[in-house]
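Undergrad: structure of the sequence below:
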Amino acid sequence: MSETTAESEVPGGLLEEMVEAADLSAGAEIVESSHSSLLLPMIVGFALFMGTLDGTVISNALPTMARALHQDPLMLNTAITSYLLASAVFLPISGWAADRFGARTVFRGAIILFAVSSVGCGIAHALWHLVVARLLQGIAGSMMLPVGRLVLLRTLPKAEMVRAMGFLILPGILGTVLGPPVGGFIVTFSSWRWIFYINLPMGLIGAILTTMYVPNVRETEKQKLDLTGFLLTGFGLAGLVYGFENVGRNILPAWAVNSLLGGGLISLILFYLHYRRARETSILDLSIIGIPTYRSATVGGMFLRLGLGAGPFLLALLLQLGFGLSAFQAGLLTLADALGSLLTMKFTQPLVKAFGFKRMLVTNIVVAAILQACYAFFRPETPHWMIVAVFFVSGMFRSTLFTALNALAYADLPQKAMSRASSLSSVLTQLASSLGIGASAVVLHAVMQAHHTTKISSADITPIFPMISGVTLISLAFFLSMPTNAGATVSGPVETNATPKTA
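TA: So this is what the prediction gives:
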């Protein structure tokens, strides 16, 4: 018997068997047609785009929202941090929930909850109302990526994994790039409430497509929730993420930030001690880090996300505060990044097949780090066509890099480990992204103090780009040690006489 099944949500005898068979047939049809249309990754990517776009759009709308709700803009920042907190707390149980209730059930429920809570954000007339709605959004968002990825891991053949992961990378890139101009346009020409209302039709479409085409895969053996692990990881991740988000921002006093970071770290240490006593039932499976390809992609990938993940945060400050561009103008420039990513989507799989994961990753890491370091040479008088060209090429390499990285992580994992592996990967990604932004804020504050200024300028921001690019290069230690044929179950046999090419 296989380790996963597509189970019916309707209980009862022969009817259950018939529906289960129908679900399995539907899943098989998706696998069969994935080579041509990749419909399933597109559905998952569509839902992820909705979540990513929402997160970037709200940042531009905060000043307008603050005026409408009669709040200080700094206080309204809780609308962002509440989402991050809820997401961090519930990420670890995403795999358990998918195995317990079925991936389609959880994924569809997350989409619906996200859309409904978005409407709650849109109709908010008080800060507490907005924060509660954003907490619900965070819970929904914590389920969409790991569960959506789990659907792909358990449904598509490994030969299609590189292409499929491209559909998970692209929504994040498109959402990040399109968020500023879309948010600026809505706030400028309409009500800020529409940045949330637009999620309702997208959520409806996503729920319908999920019901029609996503199989309800899950483990045959249902496992009880590791409540102790859930509480420890929840407190730990919430403390670290919220602490990193507030480092260097002067929103919370230093003692509060240090308490959050210290408390979060202690909670995660306690979780590790708990894990050593209850490995089989633990909410996260740390043993899978022992698999070389997963370790390289997740632990080594943390350094990539620390460096490259901090880039968009600093770039937004550089273009808007350093160069004086509006959010809409800055968004139009960075749109070139998304176009570069789109261009390389169909080339990533054949490139990985030709040169293997090791050579592809090493080449793209070096080039992506160099291109990001080049941001240090941008000046207010730099021609926009030159900035656009750098963004375009940078998008090509980063898209190829993260697509290959995500596929490599699951290349050698057994099916039984997929759910907890997806949850753990999401947790490490969340930590790395928060740490990267927090560390960048600290460095920016230190540079401003060295320049004896309290107002951010381009001269304060540009020196940081080579620093974070250096952090990115630390990841090479994990990938240079990999064998040439690492991840061959996904990439296929590597051509030994191939010469590495750029993406």
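Undergrad: burial check on the nearest residue to S481 once chain neighbours are set aside, number of neighbours?
TA: Closest residue to S481 apart from its sequence neighbours, by CB to CB, 6 or more residues apart in numbering: S296 at 7.9 Å. For glycine as for every other residue, the C-beta is placed from the backbone atoms N, C-alpha and C. S296 has 25 neighbouring residues, counting by other CB atoms under 10 Å.
Undergrad: dump the residue contacts of S296.
TA: S296 is in contact with L408, F478, F479, S481, M482, A486, counting by CB atoms under 8 Å, 6 or more residues apart in numbering.
Undergrad: now swap in F391 and tell me
TA: F391 makes contact with L333, T334, A336, D337, G340, according to CB under 8 Å, 6+ apart.
Undergrad: got the buried residues for the helix or strand harbouring D54?
TA: Per DSSP states H and E: D54 is located in helix 39-68. Using 16 or more other CB atoms under 10 Å as the test for burial, helix 39-68 gives 39-41, 43-62, 64-66.
Undergrad: for stretch 346-355, same thing?
TA: T348, Q349, L351, V352, K353, A354, F355.
Undergrad: ok, for the third one, nearest residue in space, not its chain neighbours?
TA: Right, L351. That would be M360: by CB to CB, 6+ apart, it lies 6.0 Å from L351.
Undergrad: that neighbour: neighbour count?
TA: 30.
Undergrad: 607 is where my numbering starts, stick with that
TA: Got it, the first residue is 607 from now on, which makes the last one we talked about M966.
Undergrad: got a pLDDT number for it?
TA: pLDDT for M966: 89.
Undergrad: what distance do you get for it to V823?
TA: 29 Å (CB to CB, to the nearest Å).
Undergrad: what's the weakest-modelled helix or strand in this structure?
TA: Within the chain, no helix or strand scores below strand 610-612, which has a mean of 35 by mean pLDDT, DSSP states H and E.
Undergrad: contacts for the strand or helix carrying G1076?
TA: In this assignment (DSSP H and E), G1076 forms part of helix 1070-1079. Helix 1070-1079 is contacted from outside by 909-910, 912-914, 916-917, 920, 971-972, 974-976, 978-982, 1042, 1046, 1049-1050, 1053, using CB under 8 Å, 6+ apart.
Undergrad: and stretch 1014-1025, by the same measure?
TA: So stretch 1014-1025 is in contact with 608-610, 701-702, 704-705, 756, 759-760, 764, 767, 825, 891, 894, 897-900, 902-904, 907, 963, 967, 1027, 1031, 1092-1097, going by CB under 8 Å, 6+ apart.
Undergrad: buried set for it?
TA: Using 16+ other CB under 10 Å as the test for burial, stretch 1014-1025 gives L1014, A1015, Y1016, A1017, D1018, L1019, A1023, M1024, S1025.
Undergrad: which two of the residues you listed have the greatest separation?
TA: Using CB to CB, the pair of the buried residues of stretch 1014-1025 lying farthest apart is L1014 and S1025, separated by 18.5 Å.
Undergrad: from I717, how far off is the closest residue to I718 other than its chain neighbours?
TA: Spatially, and ignoring its direct neighbours in sequence, I718 is nearest to A813 (5.4 Å; CB to CB, 6+ apart). A813 sits at a distance of 5 Å from I717 (criterion: CB to CB).
Undergrad: again with A653
TA: Counting by CB to CB - A653 and I717 are separated by 5 Å.
Undergrad: any common contacting residues for those two?
TA: By CB under 8 Å, 6+ apart, the residues touching both A653 and I717 are M750, G812, T816.
Undergrad: can you redo the residues you listed as a markdown table with pLDDT, distance to F795 and neighbour count?
TA: Formatted as a markdown table, these follow (pLDDT from 0 to 100; distance: CB to CB, whole Å; neighbours: other CB atoms under 10 Å):
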| residue | pLDDT | distance to F795 | neighbour count |
| --- | --- | --- | --- |
| M750 | 87 | 29 | 25 |
| G812 | 89 | 26 | 27 |
| T816 | 90 | 32 | 25 |
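Undergrad: now the strand or helix carrying V1053: buried residues?
TA: When elements are assigned from DSSP H and E, V1053 belongs to helix 1024-1056. Buried residues in helix 1024-1056, counted by 16+ other CB under 10 Å: 1024-1047, 1049-1051, 1053-1054.
Undergrad: longest helix in the protein, please.
TA: Criterion DSSP state H: the longest helix present in the chain is helix 933-979.
Undergrad: what's the following helix or strand after that one?
TA: Counting by DSSP H and E, the next helix or strand C-terminal to helix 933-979 is helix 990-1015.
Undergrad: picking up where we left off before, just the buried residues out of the contacts of helix 1070-1079, in ChimeraX syntax.
TA: Only the buried entries of the contacts of helix 1070-1079 go into this ChimeraX selection, using 16+ other CB under 10 Å:
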select :909,910,912,913,914,916,917,920,971,972,974,975,978,979,981,982,1042,1046,1049,1050,1053
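Undergrad: now the next helix or strand along the chain from the helix holding G1076: buried residues?
TA: Next helix or strand after helix 1070-1079 toward the C-terminus (DSSP H and E): helix 1082-1086. For helix 1082-1086, the neighbour count (16+ other CB under 10 Å) marks L1082, F1084, F1085 as buried.
Undergrad: now render those as a markdown table, adding pLDDT.
TA: Shown next, in a markdown table, are the buried residues of helix 1082-1086 (pLDDT from 0 to 100):
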| residue | pLDDT |
| --- | --- |
| L1082 | 93 |
| F1084 | 90 |
| F1085 | 91 |
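Undergrad: what residue ranges in the stretch 957-1106 of the chain score low on pLDDT?
TA: Applying pLDDT under 70 to the stretch 957-1106 of the chain flags residues 1097-1106.
Undergrad: if you set the cut-off to 90 instead, what comes out?
TA: Scanning the stretch 957-1106 of the chain for pLDDT under 90 picks out the ranges 957-966, 986-987, 1001-1002, 1004-1067, 1087-1106.
Undergrad: what residues sit buried inside the helix holding G1076?
TA: I1070, F1071, M1073, I1074, S1075, V1077, T1078, L1079.
Undergrad: which pair of those residues spans the longest distance?
TA: Maximum distance among the buried residues of helix 1070-1079 (CB to CB): 15.2 Å, for I1070 and L1079.
Undergrad: residues in contact with L1050?
TA: G854, L920, L923, I1062, D1066, I1067, I1070.
Undergrad: so the fifth one sits against H1057, correct?
TA: Think D1066. Yes: under the criterion of CB atoms under 8 Å, D1066 makes contact with H1057 at 6.0 Å.
Undergrad: out of the two, which sits in the more crowded spot?
TA: When D1066 and H1057 are compared for neighbours, D1066 comes out ahead with 23 against 12, by other CB under 10 Å.
Undergrad: any idea how far S932 is from the more buried one?
TA: Taking CB to CB, one finds D1066 at 20 Å from S932.
Undergrad: now do L1011
TA: Where S932 is concerned, L1011 sits at a distance of 33 Å (CB to CB).
Undergrad: again with N1012
TA: Where S932 is concerned, N1012 sits at a distance of 33 Å (CB to CB).
Undergrad: between those two, which is the more surrounded one?
TA: N1012 (23 against 15).
Undergrad: what sits against the more buried one?
TA: Residues in contact with N1012 (CB under 8 Å, 6+ apart) are R755, M771, L774, I775, A903.
Undergrad: H731 now?
TA: L675.
Undergrad: now do F1085
TA: Shown in contact with F1085 (CB under 8 Å, 6+ apart): S902, G906, K964, L967, V968, I971.
Undergrad: and stretch 795-802, what's buried?
TA: W798, R799, W800, I801, F802.
Undergrad: which of the residues you listed fall in helices?
TA: Judged by DSSP H, the subset of the buried residues of stretch 795-802 located in helices is W800, I801, F802.
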